[in-house]
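Asker: no sequence for this one, just the structure:
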């Protein structure tokens with residue numbers, strides 16, 4: 001190994017000459033050991049009588065040599081894949097690998113076992129805003145995200161029962177609609193959806209996670225539509241609601257409405273605390289929280305009194321910033337005309353004008369996931385992150401299908417683990433080095 005890596009230095013040291021000053025071994029004061037025929041570190045510790053020969057004068061190795069890589073691999077395996085400093089310190093007892101820390105880190109980056117214990121998912125750059133977030137000049141709740149939260153304990157007479165909340169959020173105007181569910185099944189969800197449509201209008205599409213009540217509700221609606229007469233299907237096809245489901249284990253796909261659920265839970269904790277209330281009280285509190293969230297300003301709120309007031313979702317829904325405040329008087333002539341259609345149209349124009357001018361530009365910045373990452377590809381070996389299991393039991397499988405977004409960045413993938421298929425988002429997948437068929 002040393003003859004292949006340091007041919008000039010080997011010749012100089014065998015002939016009793018020092019290595020040249022430009023040699024990469026010059027700082028080590030190398031010496032030739034005639035007993036073993038190896039180049040060792042001369043160094044400055046030769047007077048240390050208590051240390052062993054290999055520790056005082058370790059054998060010099062080049063980092064790129066294949067045998068050096070095998071030695072590092074052997075140490076890493078014997079030590080059960082610890083951190084790079086631990087492997088490097090144990091290696092230094094016998095061998096002096098040039099740029100040894102870098103060589104150990106490079107090996108552990110390519111080691112499958114090390115990646116299993118220390119590898120992290122590589123999240124692609126944050127995608128552009130989807131079309132559902134930019135449905136301008138559309139009615140409120142045209143594209144809606146929904147999710148359930150709870151349960152909460154209510155008091156009925158002398159017994160306690162559970163109730164759940166459901167949130168519908170307009171992905172463009174940020175308006176919210178909150179309702180109460182008797183149970184978490186499909187029938188209760190469908191009745192809540194009918195109440196939502198009666199009050200807010202039919203949405204064009206509904207986005208949610210893969211909750212069993214949402215999936216079951218979609219299945220029942222599709223079965224009811226399929227049972228209709230063909231002529232009715234033709235007329236009602238354009239009235240169907242499109243369901244879009246996020247991949248399992250991907251709450252960040254619905255961050256737009258998941259954040260509102262956090263606001264609801266904080267408001268309920270402050271309002272109710274640990275007390276058990278009646279269903280009527282809980283429904284009233286949720287409705288008041290809905291009004292508070294719809295009165296929340298969109299975008300930056302200026303402290304200058306001369307600046308215009310910020311818009312809120314209520315500006316579009318009820319024509320004023322806050323339901324508890326009186327009707328605002330605009331300077332535009334005709335806004336308070338007797339023609340109600342012109343009145344409502346001017347209010348909507350006022351909302352969209354300020355929405356596009358002040359709020360929409362604030363969505364340009366990417367708060368995280370700013371760098372480009374390599375897309376996962378079919379055939380890659382990955383480990384599925386499961387927060388309910390210890391890391392040693394996370395399943396390992398092969399990617400059989402990728403699901404790129406509109407920007408061609410892979411956001412989720414289908415992974416085959418033995419005979420089962422899992423669809424998971426990229427932040428839940430840790431890429432591993434290629435494994436052999438036996439592994």
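Answerer: Ah, there it is. What you see is a predicted model, and the numbers here were worked out from it, not measured in a lab.
Asker: any chance you could map the helices in the protein?
Answerer: Secondary structure of the chain (DSSP state H): helices at 2-5, 7-14, 53-56, 66-78, 84-91, 100-110, 112-118, 186-200, 212-226, 230-236, 255-272, 279-294, 313-317, 340-354.
Asker: Flag the shaky bits of the stretch 151-300 of the chain, pLDDT-wise.
Answerer: Applying pLDDT under 70 to the stretch 151-300 of the chain picks out residues 235-236.
Asker: Make a markdown table out of the helices of the chain and add mean neighbour count and distance to residue 176.
Answerer: All C-beta spots, glycine's among them, are computed from the backbone N, C-alpha and C. Listed next are the helices of the chain as a markdown table, based on neighbours: other CB atoms under 10 Å; distance: least, CB to CB, whole Å:
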| stretch | mean neighbour count | distance to residue 176 |
| --- | --- | --- |
| helix 2-5 | 16 | 67 |
| helix 7-14 | 16 | 73 |
| helix 53-56 | 14 | 68 |
| helix 66-78 | 16 | 53 |
| helix 84-91 | 18 | 49 |
| helix 100-110 | 18 | 45 |
| helix 112-118 | 17 | 41 |
| helix 186-200 | 17 | 10 |
| helix 212-226 | 15 | 18 |
| helix 230-236 | 10 | 28 |
| helix 255-272 | 15 | 6 |
| helix 279-294 | 17 | 5 |
| helix 313-317 | 23 | 7 |
| helix 340-354 | 15 | 16 |
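Asker: packing partners for the strand ranked longest in the chain?
Answerer: In the chain, assigned by DSSP state E, the strand with the most residues is strand 143-156. Using 3 or more CB pairs under 8 Å, 6 or more residues apart in numbering; DSSP states H and E, the elements in contact with strand 143-156 are strand 159-170, strand 205-208, helix 255-272, helix 279-294.
Asker: From the rest of the structure, what touches the shortest one?
Answerer: Yep, that's strand 205-208 we're talking about. With CB atoms under 8 Å, 6 or more residues apart in numbering as the contact definition, strand 205-208 has outside contacts at 132, 143-147, 171, 214, 241-246, 254.
Asker: for the first one, same thing?
Answerer: Counting contacts by CB under 8 Å, 6+ apart, the residues outside strand 159-170 that touch it are 140-154, 175-184, 189, 192, 196, 200, 203, 256-257, 260-261, 264, 276, 279, 282, 286, 313.
Asker: try it again with 6 Å
Answerer: The contact list for strand 159-170, computed with CB atoms under 6 Å, 6 or more residues apart in numbering, reads 140-141, 144-154, 176-181, 184, 192, 196, 257, 260-261.
Asker: Filter the residues you listed down to the buried ones.
Answerer: The neighbour count (16 or more other CB atoms under 10 Å) marks 140-141, 144-150, 152, 154, 176-181, 184, 192, 196, 257, 260-261 as buried among those.
Asker: so how far does stretch 2-13 reach from one end to the other?
Answerer: Counting by CA to CA, to the nearest Å, you get 12 Å between the two ends of stretch 2-13.
Asker: How about stretch 200-211?
Answerer: Using CA to CA, one end of stretch 200-211 lies 23 Å from the other.
Asker: where's that stretch relative to the chain centroid, distance-wise?
Answerer: Distance, stretch centre to chain centre, for stretch 200-211: 21 Å (CA atoms, centre = their mean, to the nearest Å).
Asker: Give the buried residues for that stretch.
Answerer: 200, 203, 204, 205, 206, 207, 208, 209, 211.
Asker: Put together a markdown table for these, with distance to residue 414 on each row.
Answerer: Listed next are the buried residues of stretch 200-211 as a markdown table, based on distance: CB to CB, whole Å:
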| residue | distance to residue 414 |
| --- | --- |
| 200 | 35 |
| 203 | 28 |
| 204 | 28 |
| 205 | 23 |
| 206 | 23 |
| 207 | 20 |
| 208 | 20 |
| 209 | 17 |
| 211 | 20 |
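Asker: Name the nearest of those relative to residue 431.
Answerer: Nearest to residue 431 out of the buried residues of stretch 200-211 is residue 209 (CB to CB; 24.7 Å).
Asker: so the closest one makes contact with residue 244?
Answerer: No: Residue 209 is beyond contact range of residue 244, at 10.6 Å (criterion: CB atoms under 6 Å).
Asker: Skipping adjacent residues, who's closest to residue 188 in space?
Answerer: residue 181 (4.7 Å; CB to CB, 6 or more residues apart in numbering).
Asker: Identify the bridge partners of that neighbour.
Answerer: Beta bridges link residue 181 to residue 164, judged by DSSP bridges.
Asker: which ones are touching it?
Answerer: Applying CB under 6 Å, 6+ apart to residue 181 gives the contacts 164, 166, 188, 192.
Asker: right, and the pair among these with maximum separation?
Answerer: 164 and 192 (9.6 Å).
Asker: still on that earlier bit, residue 6 is nearest to which of the helices and strands packed on strand 143-156?
Answerer: helix 255-272 (56.1 Å).
Asker: for the closest one, packing partners?
Answerer: strand 143-156, strand 159-170, helix 279-294 (3 or more CB pairs under 6 Å, 6 or more residues apart in numbering; DSSP states H and E).
Asker: do you know which of those lies nearest residue 382?
Answerer: strand 143-156 (27.2 Å).
Asker: Between helix 212-226 and the closest one, find me the angle.
Answerer: 120 degrees (axes from the mean of the first three to the mean of the last three CA atoms, to 10 degrees).
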